Structures are given as C-alpha cells and as structure tokens.
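Visitor: have a look; sequence and predicted model below, questions after that.
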Amino acid sequence: MNKLKKIIGITLALTLTLGFSACSGSKTTTATPEKNSKNIVIGVCPGPYGDMVRKAIAPVLEKKGYKVETKEFSDYVQPNKALANKEIDANLFQHTAYLQKFSKDNKLDLSPVIVVPTAGMGIFSNKIKSLDDLKTGAQVAIPNDPSNLARALILLEKQGLIKIKDNIDETKATESDIVENKKDLKIVITEAAQLPRTLDSVDIAAITGNYAIASGLDFSKALKVEKLSENYKNVVAVRTEDLSKDLGKDIKEAVESADFRTVIEDQNGIFKAFDKPEWYVNKK
C-alpha cells in the first residue's frame, strides 16, 4: 500500500509540473494584441483644421485603408505632448515656427509632414471700424505663446502702430522688444483661445485664424489680416520616427491629392480664402 501511494504521489507531482510548464510556456509566447496601425487619431484645436482633417484628409486616408478619428484639444500645449506620448498619431493645429520652438523647449522629437492652407491672424475690434480710430492708451490683446506673440507684434508693426528692435529674430520678439509706441498702446497678453472673448473689453485683438473662425468672427470685417510667411502656415506633424514610414508618406500623399484640393477650392467652403502654401500654388 505504501509503495502504491508513493507511485501515485510521483505521478501527481509529474502531472502538476508538466501542467505548470505548459501554462508558463503559453504565457510567454502569447503576444498582446497591438493597435492596428491603420487606426489613427489626429489631434486638432477648435476651429477649421478639424474640418480640414475630416473633410479633406481623412477621406483620402480611408481610401488607403485607414480609420481616422480626430481628438480636439483646448490649448496649444497638449496636442504636441499627446503626440510625443503616443496618445495620438498626428496633429494639425500649429505653424512651423511654433512646432520647432515647442519641440526644442520641451525636448520632443516631432517633425512637420507637409504645410497646409492656413487662415492668417486677424486684427478684430468691437469698438472701432478702422485702425486709424485707435486712441492713445488703447488696449491691444495678443496671444501669450511665444511664436504667436512675436507674430502679433510683427503684424502691429506693419500697421505702423509700434516699432520693434532692428535685426531681431522675428519669431522671438516679445513686448520688451518694443522700442517705439507712439500711442502708448497697452499690450494685454492673453491665452490664444481666449482672445475672441476679450473683444468686449479691449480695443483691438490680434487673433489667430483658427480661433477667430471657431468663434464665428467674420474675416471680411477684420481691420487687418496678415499675409503669412511660409514659416507661419500650419503643418501636419508626426513623431519624427513616423516621418519616413507609411503614416508620414500616406498623410503627405493625402494632402497633395486632387481630392484634398477639391475640398479646399470649394467656393462655398471656408478654406477657399486661406493662404495657400508654396507647393500648393506651384502644383497648379
């Protein structure tokens, strides 16, 4: 009987050992399902660029087998951080100057894929009809992020309202670089998304195109609209590692496609008056 018990014990031990080995082997060889690389999320901010993704870019990518979602962010900070953290796969909300400065300041490895048609910054007012009517001591609201702040100062300088230092990098100008302000204008630094709301309290505001359009402002009533340099036209951005992969290539092809151009050129659409990038103009 004792001998029989030993045999049974040994048999059970071997069975359990083999069972655990089999479970262990299964656990290490079973791969965790990965995200389908054709399912992508593109980050945007309030305004027309979400529509540009949905109406002009996504349909072309979907023909290539992608499933495209958009995720809206309320500021200019989170879309790049989310992209770097792989929470989204691309974004469209910023110009090249901002992308380069933000990436450098935050040590993010992001790159532009292609420039897209862009709405310029406009000077708006609920109080005056012409910049000639701007009084001494008037309040002027401009964006607080460095590249758009500099951009607004350059726009004000071109209207003869202020003068900034000579030989300064125009992408880095700040209010401390103002060397002439004959009307003693009071510069009010404001978060870009909040600028449309300042129009009842300030005399004029320099508002980026996306937030102006998102808030329903009419560009035909703007006191002035900037002519954009290439550096201030918006870009689709991806992580640098994806730039030469299918994602980067397919996004570039989508923006360069005839379908994209058809949406942009629609005379009843909002994009027809946007400032076009050089490649777009030269491709005609």
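Guide: Received the coordinates, thanks.
Visitor: what are the boundaries of the strands in the stretch 101-250 of the chain?
Guide: 110-115, 122-124, 139-143, 163-164, 178-180, 186-190, 204-207, 224-225, 234-239 (DSSP state E, counting those that start in this stretch).
Visitor: alpha carbons of the last one, as CSV, please.
Guide: The reference is to strand 234-239. The C-alpha trace of strand 234-239 is given here as CSV (Å, rounded to 0.1, in the frame of the first residue of the first chain):
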residue,chain,number,x,y,z
ASN,A,234,0.1,75.3,-40.5
VAL,A,235,1.6,71.9,-40.8
VAL,A,236,0.5,68.3,-40.2
ALA,A,237,3.0,67.0,-37.6
VAL,A,238,4.0,63.4,-36.6
ARG,A,239,6.7,61.9,-34.4
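Visitor: what lies in contact with that strand?
Guide: Residues from elsewhere that reach strand 234-239, judged by Cβ atoms under 8 Å, 6 or more residues apart in numbering: 42, 49, 57, 80, 83-84, 86, 89-96, 99, 109-116, 118, 247-248, 251, 255. Every C-beta, even on glycine, is put in place using the N, C-alpha and C of the backbone.
Visitor: and what of the fifth one?
Guide: Residues from elsewhere that reach strand 178-180, judged by Cβ under 8 Å, 6+ apart: Leu153, Ile162, Lys163, Ile164, Lys165, Ile187.
Visitor: please apply the same query to the fourth one.
Guide: Residues lying outside strand 163-164 but in contact with it, judged by Cβ under 8 Å, 6+ apart, are Leu153, Ile154, Glu157, Ala173, Asp177, Ile178, Val179, Glu180, Asn181.
Visitor: how much space between the fifth one and Leu149?
Guide: So the one you mean is Asp177. Relative to Leu149, Asp177 is positioned 10 Å away (Cβ to Cβ, to the nearest Å).
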